[in-house]
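Q: Test case, fold it:
(chains A and B)
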Amino acid sequence: MTMMTGAEIVIRCLQEEKVEYVFGYPGGAVLHIYDALFKQDQVKHVLVRHEQAAVHAADGLARSSHKVGVALVTSGPGATNAVTGIATAYMDSIPVVVISGQVPNDYIGQDAFQECDTVGITRPCVKHNFLVNDVHKLAQTIKKAFYIANSGRPGPVVVDIPKDVTAAKCKFEYPETIQMRSYNPVVKGHLGQIKKAVHLLLEAKRPMIYTGGGVVLANGAEQLTRLTRRLGFPITNTLMGLGAYPATDRQFLGMPGMHGTVEANLAMQHCDVLLAIGARFDDRVIGNPDNFASLPRKIIHVDIDPSSISKRVKVDVPIVGNVPDVLEEMVRLLDAGNTGPDPETLAAWWQEIEGWRAKQCMKYVRKKSVIMPQYVIEKLYEVTGGKAIVTSDVGQHQMWAAQYYKFDEPRRWINSGGLGTMGVGLPYAMGAALQHPETQVVCVTGEGSIQMCIQELSTAKQFRLPIKIINLNNRYLGMVRQWQEMFYGSRYSESYMDSLPDFVKLAEAYGHVGIRVERPEDVEAALHKAFVDYKDDLVFIDFITDQKANVFPMVAAGKGLADMILTEDL
Amino acid sequence: MRHIISILLENEAGALSRVAGLFSARAYNIETLTVAPTEDVSLSRLTIVTSGTDAVIEQITKQLNKLIDVIKVVDLSEAAHIERELMLIKVRATGKDREELKRLADIFRGHIIDVTESTYVIELTASGAKLDSFIQAIDAGLILETVRTGVCGIGRGERILKV
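A: Down below sits the predicted model:
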């Protein structure tokens, strides 16, 4: 066996893990690693313009593919810049491995140049992290990092490597499997509990299925669709779970929560049996937990993470296990028993739901003189045939994209749901575009969010990524403005974006195509131009939209789900 | 309610801070925390005394189990157990107080382990509550310094926490 340096071992491990892209930024502490990277061509490096974007792009790649995303950053500021990306991935349980350089072992604790306690700083926002102080532990640690990141409830893992470790030599041995006495994620759901759940579902008079990001992450969309169709129950997918069940299907009630549909929220509130799968009863989904708990209902909760169960609401039938396996088992039990819900009872429940649906809560007033942001998303859906991978930033545009773009497949909708990180949209699109060169990737953003990682237009140019940026430009931090209008007496404190750049010129300055659209009648033509004429280019379309448009329906923070504000209420 | 949670964890650098960090990040309360390696040096045993509703304690044990370095978590107070804490207390011991403090230490089965002309150091091992009552039994003006290890505990009989 030949001796390898730590740096060579790092790269070799990435090759062993079949990593195709590493997003990163070089610096002093990782120079050995970058040198080893240079001497091979299996692992491709994507040079971002800011470390935050490196982690977001790796995260976007992971979300779009079920692979582990990889980022490589230097010590000190490289690592601290990566923290927002790491915390974003952590909140949404995304498998990412971040390799960070550290000052040499001898220098640790000496306040050396570009030193920071990376393991300490990232500890609360990682699934796990390592400081590798010995080259002999390096390969095994990286293997562990990939295993931990992508098993159980996934999450980011940081591997911090002092510079001297990357220079030291040892024999390379890559373990094929990892056994850890302290980490054995449960995979198989308890059969007795699953039987109990199925029994409860069949007895239900007003059943409801509510699923989150866990179904997407576990690749459980197919099993979910089968179970839902088999039962004929209404279903809602959270912001993180969109695409797990086809949005164009009749049984789909739309998204629940703060900006959910009337039918989804009222069905959540009034159901007597709720089947929650890979979801966590987030405050943006159920509103006030006491209000939610005030109505009697039985809750079945399927999740890979026991700590998600009975955290915010008390659960009657907890099932810890891998989502697709549990759902598969439920379908098997239904088939074996040759049973189904009572059609008449279910029909009565559906009738009630259709009454709520008839309110058409997503209707909005289209204006002649100004572009409505919802209209842009509707047209985007038409022009892309609903087949695009859509990333978004955070704010009003994110909600409109989630509400008006109907996702029929999982891993097509990529956004920061948990941490709500502005600036993720463009780097997410980069990660997705590299991973799926054949698929159209669109970034729906706003003039506030896009400027938080605008520098990545440069990366997109270097790697020729034909992303289409849909900028819903209302010259306001829209969601902040909406809250200020509704809850702060229209005092628009610092929510107006003055001195905006000319986005068309900005796009052109980076070597891309820029288009500005100011009239509703030009929306469709501009989209066609971007998606057809400039198919292979990055196109930045700056839509000047209605400044007053708000996201509805809305459940104000701390209120109950039935307490929705609709457009006509204002 | 007060709970004594015993944790077996990998004896790795930073493992303790993962546990302590979890408690502060999720606003759980720590009354005492003790940690030391076990007979197997690759393992540390950590004991935390905390309090909270049943739901909070359930979350604490689940969140602890989620930490990668944690191998096992047991709520000792769920069943029969023994708890002990060690205290060293330095007291002003002059005149007639010398005899009185000696008697009190004997009553509480403590030992005087350091004697000077004007001070005693008393060593006392007992449950946390008993240490509290010893402190209360002494004239507060005589106490110069106290140091306590925090609670450690173990299940009774065949109730064993082991890998």
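
Q: So B:Leu67 sits against B:Val19, correct?
A: Yes: the pair B:Leu67 and B:Val19 passes the contact test of C-beta atoms under 8 Å, sitting 6.8 Å apart. Backbone N, C-alpha and C define where each C-beta goes, glycine included.

Q: Now do the SS call for the residue in chain B positioned nearest to chain A.
A: Ranking the residues of chain B by distance to chain A (C-beta to the nearest C-beta) places B:Lys62 first, at 3.8 Å. Assigned by DSSP: H, G, I helix; E, B strand; the rest coil, the conformation of B:Lys62 is helix.

Q: contacting residues for it?
A: Counting by C-beta atoms under 8 Å, 6 or more residues apart in numbering or on different chains, B:Lys62 touches A:Pro306, A:Ser307, A:Ile309.

Q: Can you pull the phi/psi pair for the second one?
A: Yep, that's A:Ser307 we're talking about. For A:Ser307, the backbone dihedrals are phi -70, psi -10 (criterion: degrees, to the nearest 10).

Q: follow-up on the earlier one: now do the shared contacts for B:Leu67 and B:Val19.
A: B:Leu9.

Q: quick one on the thing from earlier: most neighbours out of the contacts of B:Lys62, which is it?
A: Across those, the neighbour count under other C-beta atoms under 10 Å in any protein chain shown reaches its highest value at A:Ile309, namely 24 neighbours.

Q: in terms of contact, does that residue touch A:Val317 like I think?
A: No: applying C-beta under 8 Å as the test, A:Ile309 and A:Val317 come out as separate, 9.8 Å apart.

Q: what's the overlap in contacts for those two?
A: Counting by C-beta under 8 Å, 6+ apart, the residues touching both A:Ile309 and A:Val317 are A:His301.

Q: The longest strand seen in chain B: which residues count as buried?
A: Of all the elements of type strand in chain B, the one with the most residues (DSSP state E) is strand B:81-92. Within strand B:81-92, the residues scored as buried using 16 or more other C-beta atoms under 10 Å in any protein chain shown are B:His81, B:Glu83, B:Glu85, B:Leu86, B:Met87, B:Leu88, B:Ile89, B:Lys90, B:Val91, B:Arg92.

Q: okay, the residues you listed in CSV with pLDDT and distance to A:Ala549 next?
A: As requested, the buried residues of strand B:81-92 are arranged in CSV below (pLDDT from 0 to 100; distance: C-beta to C-beta, whole Å):
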residue, pLDDT, distance to A:Ala549
B:His81, 97, 61
B:Glu83, 96, 62
B:Glu85, 97, 63
B:Leu86, 98, 66
B:Met87, 98, 66
B:Leu88, 98, 69
B:Ile89, 98, 69
B:Lys90, 98, 71
B:Val91, 98, 73
B:Arg92, 97, 75
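
Q: Chain B against chain A: which residues are in contact?
A: B:9-10, B:13-14, B:17-18, B:21, B:25, B:55, B:58-59, B:62-63, B:65-66, B:68-71, B:163 (C-beta under 8 Å from any C-beta of the partner chain).

Q: export the contacts of B:Lys62 to a markdown table and tack on pLDDT?
A: Listed next are the contacts of B:Lys62 as a markdown table, based on pLDDT from 0 to 100:
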| residue | pLDDT |
| --- | --- |
| A:Pro306 | 95 |
| A:Ser307 | 95 |
| A:Ile309 | 95 |
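
Q: Tell me the one of these nearest chain B?
A: A:Ser307 (3.8 Å).

Q: Does A:Phe531 belong to a helix, a strand or coil?
A: The three-state label for A:Phe531, taken from three-state DSSP, comes out as helix.

Q: give me the subset of the contacts of B:Lys62 touching chain B.
A: A:Pro306, A:Ser307, A:Ile309.

Q: relative to its centroid, which residue of chain B is most remote?
A: B:Gly95 (33.1 Å; C-alpha atoms, centre = their mean).

Q: quick one: pLDDT of it?
A: We note a pLDDT of 95 for B:Gly95 in this prediction.

Q: and if you look at the one 4 residues further on?
A: On the pLDDT scale, B:Glu99 is placed at 96.

Q: Need the three-state assignment for A:Ile470.
A: On the three-state scheme (three-state DSSP), A:Ile470 is labelled strand.

Q: Identify the residues contacting the residue nearest to A:Met3 when sequence neighbours are not counted.
A: In this structure, A:Met3 finds its nearest non-sequential neighbour in A:Lys169, 4.5 Å apart by C-beta to C-beta, 6 or more residues apart in numbering or on different chains. With contacts taken as C-beta under 8 Å, 6+ apart, A:Lys169 has the following neighbours: A:Met3, A:Met4, A:Thr5, A:Gly6, A:Val135.

Q: Report the buried members of those.
A: A:Met4, A:Thr5, A:Gly6, A:Val135.

Q: and which of the residues you listed is nearest to chain B?
A: The shortest approach to chain B among the buried ones among the contacts of A:Lys169 belongs to A:Val135, at 16.9 Å (C-beta to the nearest C-beta).

Q: Mind putting the ones next to chain B among the contacts of B:Lys62 into a markdown table with distance to A:Tyr496?
A: What follows is the ones next to chain B among the contacts of B:Lys62, written out as a markdown table (distance: C-beta to C-beta, whole Å):
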| residue | distance to A:Tyr496 |
| --- | --- |
| A:Pro306 | 46 |
| A:Ser307 | 41 |
| A:Ile309 | 44 |
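
Q: For the residue nearest in space to the middle of chain A, give its distance to A:Val444.
A: With distances taken as C-alpha atoms, centre = their mean, chain A has A:Asn415 as the residue nearest its mean C-alpha position (4.1 Å). To A:Val444, A:Asn415 is 9 Å away according to C-beta to C-beta, to the nearest Å.

Q: got it, and A:Gln403?
A: Plainly put, A:Gln403 is 11 Å away from A:Val444 if you go by C-beta to C-beta.

Q: For those two, list the residues in contact with both.
A: Looking at what touches both A:Gln403 and A:Val444 (by C-beta under 8 Å, 6+ apart), the common residues are A:Ile377.

Q: higher neighbour count, those two?
A: Neighbour totals were compared for A:Gln403 and A:Val444, and A:Val444 leads with 30 against 23 (other C-beta under 10 Å).

Q: next SSE after whatever helix or strand that one lives in?
A: Under the criterion DSSP states H and E, the helix or strand holding A:Val444 is strand A:441-446. Once strand A:441-446 ends, the next helix or strand along the chain (criterion: DSSP H and E) is helix A:456-462.

Q: Sort out which of the residues of chain B next to chain A are buried, if you could.
A: The buried subset of the residues of chain B next to chain A (16+ other C-beta under 10 Å) comprises B:Leu9, B:Glu10, B:Arg18, B:Glu58, B:Gln59, B:Lys62, B:Gln63, B:Lys66, B:Ile68, B:Asp69, B:Val70, B:Ile71.

Q: Can you tell me how far the last one is from B:Gln63?
A: Spatial separation of B:Ile71 from B:Gln63 under the definition C-beta to C-beta is 15 Å.

Q: Would you map the helices across chain B?
A: B:15-25, B:54-66, B:97-107, B:128-137 (DSSP state H).

Q: Make CSV from those helices and add distance to B:Arg159 to it.
A: As requested, these are arranged in CSV below (distance: least, C-beta to C-beta, whole Å):
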stretch, distance to B:Arg159
helix B:15-25, 22
helix B:54-66, 16
helix B:97-107, 31
helix B:128-137, 20
